[in-house]
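> Got a sequence here, can you model it:
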Amino acid sequence: MAAESTPPVATKDIEAAERGATTIADRVVAKIAAQAAREALVHVPEGAEAPHATVTVHHDHARVRISLELEYPSDIGAQCGAVRGRVTQRVEALAGMKVPEVDVQVERLHSVHTRRAAQGRLR
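Numbers count the residues shown, from 1 in each chain. Coordinates of the predicted model:
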């Protein structure tokens with residue numbers, strides 16, 4: 001008995017989404033996340049470093065850690081919440097990944113009062 005063979009399928013008959021894979025590097029997602037964190041901050045303190053992100057991508061999920069510096073006094077919780085929301089939104093929209101976790105780490109607080117006092121002493 002002869003085995004049946006299926007005719008070759010032309011590439012144009014296969015849906016585009018099934019022809020290959022798209023891989024987005026962790027560092028690219030980290031850049032998206034860092035930019036989103038900058039967008040979320042209402043005010044970046046004078047002399048502060050820009051937000052920095054590290055990302056771990058596993059399949060279509062990205063776990064994000066954002067390190068940033070904030071102005072003091074301010075509503076730190078609200079700012080961190082805004083950063084979490086914006087990072088989640090932008091990574092999902094631009095990279096097409098789910099973001100189950102965004103850790104925000106405040107590295108430093110910049111006090112307006114301390115900066116003014118220091119500027120007053122420098123004459």
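> Test my guess that residue 106 contacts residue 69.
Yes: at 7.3 Å, residue 106 counts as touching residue 69 under the criterion of Cβ atoms under 8 Å. In this view, the C-beta of every residue, glycine as well, is placed from N, C-alpha and C.
> Please give me every residue in contact with residue 14.
Residues near residue 14 by Cβ atoms under 8 Å, 6 or more residues apart in numbering: none.
> do the one 10 residues further on as well
Residue 24 makes contact with 57, 95, 97, according to Cβ under 8 Å, 6+ apart.
> ok, the last one - contacts?
This means residue 97. Applying Cβ under 8 Å, 6+ apart to residue 97 gives the contacts 24, 29, 57, 60-62, 91.
> From residue 86, how far out is it?
Between residue 97 and residue 86 the computed distance is 15 Å (Cβ to Cβ, to the nearest Å).
> Compute the number of surrounding residues for residue 86.
20 (other Cβ atoms under 10 Å).
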